[in-house]
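Novice: For reference, the sequence and a predicted model appear below.
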Amino acid sequence: MKSVVIVDYGLGNMRSVSKAVEKAGASVLISNNLEEIRSAEGIILPGVGAFHEAMTKLADLGKVLIESEGQVPILGICLGMQMMMDFSEEHGLHKGLGLVPGTVRKFPDHPGFKIPHMGWNQIHLTQPDDPLFSGIPDDSYVYFVHSYWADTTAEYCVTQTEYICPFASSIRNGTAIGVQFHPEKSGNTGLAILENFIGTM
Amino acid sequence: MGLTRRIIPCLDIKDGRVVKGTNFVGLRDAGDPVELASRYNQQGADEVVFLDITASKEKRSMIIDVIQRAADELFLPLTVGGGIRTIDDIQKTLRAGADKISINTSAVENPNLISEAANSFGTQCIVVAVDVKRRTEDSIDKTRIPLQDGNSCWYEVVTHGGSKPTGIDAIKWAMEAETRGAGEILLTSMETDGTKEGFDIPITAAISDNVGIPVIASGGVGTMEHFYDGFVYGKADAALAASVFHYGEMTVTQVKEYLTKKGIPIRPPGK
């Protein structure tokens, strides 16, 4: 059985992600140990909360993630995805891991649209051959909770979702892939996406 | 199509067991919250709410076990409310696997709890539950809302399960909750709760118009049309119901099929 390391940097709840990965068919090690993350077959970077605080808590673990890019698949979820990018505009401009080019921006106020973007929305597969979405029907529904979105170019955008503006709901650069939605809260679709991630390990 | 409206079954839980009866066939144990929530998940529920009405302090920890089991099996968003009074309570609930916590009386008594919780855990997981009652008497500093019968009223926040008036204007309170970092408002009107005559549309629409965060309408659903009214006239982002689902009067699937036919953006069950 393949083993996924979930990076624990002291923020958020790992339980749901961990149980979903197990359900999808891999064993899980929740770790903040540099060596354990360095020797992982696949890494998940989860996250809820504020960008800057999360980056600060991630500290040296971030360097290991940067080293691991190109070596093993890395999946960022929600804030974890946002942390993979160059910068975030959440509460000032803060530097991210720079694994995927682009900037995290706040949704603009727009009449009739609530923020956070919360609930089930569709993902349009802009790169249908991406292995993370193998067998996932176009326009499937997944669960989102976020107030910031990934601004990147078409090259790195794997799925697109429409809320106020079309935005990149999944991004990839090499072995680094991020999803803005929560696969661990997206029922069978989410589990299938996690199975695909395990399949790329 | 964009963001869909959410249908959210709510389970009342006491000492770790569902208290309201159910007419589900084929449940091994109708009192087990996780089994019932799992059934709603199969029907296409977009989220599930667990409301803990456990009275005794000693038995409060039983909800933690329920949350853990639900988080292990369900893979859909779970909100937990009832008896959450401190940052420590919130942390324990989230750590057990809840995605959001709902606070009500404790937020009114100590509004700082909203700010502290939002700062510690993020706004996205803080739901402020607002229970309201209509007041028709004259008032100087209250927001009056026109009613369908031509009269007008203001809405007062009530706490302790609707038993305690606070004198607080509901619209102002919802706006303050948002400013303090609430990610969502769960609005229950005591006027309609339990009546099966539909959501309290005037206050639902007024709060939805005055806050920039999602509003969950609650209290009063009796028919599928009531869901439609809550979304269209109440401008709700999500609708919560308990008894119509528990007693098998309608399934989540049926509600979703009905709303889809009526043109409301809904996630099809099983998609």
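Specialist: Yes, it's here.

Novice: C-alpha from now on. contacts and neighbour counts both.
Specialist: Fine.

Novice: Identify the bridge partners of the most centrally placed residue in chain B.
Specialist: Nearest residue to the geometric centre of chain B (CA atoms, centre = their mean): residue B:186, 4.4 Å. Residue B:186 has these beta-bridge partners by DSSP bridges: residue B:129, residue B:216.

Novice: Could I get the pLDDT score of it?
Specialist: pLDDT, residue B:186: 98.

Novice: just residue A:188 next, same as before
Specialist: pLDDT recorded at residue A:188 is 94.

Novice: returning to that earlier point: I figured the residue nearest to the centre of chain B was touching residue B:132, is that so?
Specialist: No: if you go by CA atoms under 8 Å, residue B:186 and residue B:132 don't touch, sitting 10.9 Å apart.

Novice: Can you tell me the closest non-neighbouring residue to residue A:191?
Specialist: Counting by CA to CA, 6 or more residues apart in numbering or on different chains, residue A:24 is the residue found nearest to residue A:191 once chain neighbours are left out, at 5.7 Å.

Novice: burial count for that neighbour?
Specialist: Per other CA atoms under 10 Å in any protein chain shown, the neighbour tally for residue A:24 reads 21.

Novice: Per-residue confidence, it, what does it come out as?
Specialist: Residue A:24 is given a pLDDT of 97.

Novice: Next: residue B:205.
Specialist: pLDDT, residue B:205: 98.

Novice: Next one: it from residue B:130, what distance?
Specialist: Applying CA to CA, to the nearest Å, the value for residue B:205 to residue B:130 is 14 Å.

Novice: what helices or strands is the one helix or strand residue A:194 maps to leaning on?
Specialist: Per DSSP states H and E, residue A:194 falls inside helix A:187-199. Applying 3 or more CA pairs under 8 Å, 6 or more residues apart in numbering or on different chains; DSSP states H and E, we find helix A:187-199 packed against helix A:15-23, strand A:140-146.

Novice: I'd like these laid out as JSON lines, including distance to residue A:86.
Specialist: Shown next, in JSON lines, are the helices and strands packed on helix A:187-199 (distance: least, CA to CA, whole Å):
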{"stretch": "helix A:15-23", "distance to residue A:86": "25"}
{"stretch": "strand A:140-146", "distance to residue A:86": "18"}
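
Novice: Output the contacting helices and strands for the helix-or-strand element of chain A with minimal mean pLDDT.
Specialist: The weakest-scoring helix or strand in chain A, judged by mean pLDDT, DSSP states H and E, is helix A:51-58 (a mean of 92). Where contact means 3+ CA pairs under 8 Å, 6+ apart, helix A:51-58 is packed against helix A:79-83.

Novice: distance between the helix or strand that comes right after the helix it packs on and the chain's centre?
Specialist: Counting by DSSP H and E, the next helix or strand C-terminal to helix A:79-83 is strand A:85-88. Its chain's C-alpha centre lies 13 Å from the corresponding centre of strand A:85-88 when counted by CA atoms, centre = their mean, to the nearest Å.

Novice: Equivalent analysis for stretch B:225-236, please.
Specialist: That offset, for stretch B:225-236, works out to 15 Å (CA atoms, centre = their mean).

Novice: Other residues contacting it?
Specialist: If you take CA atoms under 8 Å, 6 or more residues apart in numbering or on different chains as the criterion, stretch B:225-236 is touched by B:5, B:197-206, B:208-209, B:214-217, B:221, B:237-239, B:255, B:259, B:262, B:264.

Novice: Tell me where chain B has strands.
Specialist: B:6-14, B:17-18, B:48-52, B:78-81, B:100-103, B:126-135, B:145-146, B:152-159, B:164-169, B:184-189, B:215-218, B:238-241 (DSSP state E).

Novice: ok, now which ones touch residue A:47?
Specialist: Neighbour list for residue A:47: A:11, A:12, A:54, A:77, A:78, A:79, A:80 [criterion: CA under 8 Å, 6+ apart].

Novice: The residue in chain A that chain B sits nearest to - how many residues pack around it?
Specialist: At 4.1 Å from chain B, residue A:185 is the closest residue in chain A, using CA to the nearest CA. Neighbours of residue A:185 under the rule other CA under 10 Å: 26.

Novice: Contacts only, for it.
Specialist: So residue A:185 contacts A:16, A:142, A:143, B:75, B:76, B:77 (CA under 8 Å, 6+ apart).

Novice: Just put those in JSON lines and tack on pLDDT and neighbour count.
Specialist: Output for these, formatted as JSON lines (pLDDT from 0 to 100; neighbours: other CA atoms under 10 Å in any protein chain shown):
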{"residue": "A:16", "pLDDT": "89", "neighbour count": "27"}
{"residue": "A:142", "pLDDT": "98", "neighbour count": "25"}
{"residue": "A:143", "pLDDT": "97", "neighbour count": "25"}
{"residue": "B:75", "pLDDT": "92", "neighbour count": "25"}
{"residue": "B:76", "pLDDT": "94", "neighbour count": "26"}
{"residue": "B:77", "pLDDT": "96", "neighbour count": "26"}
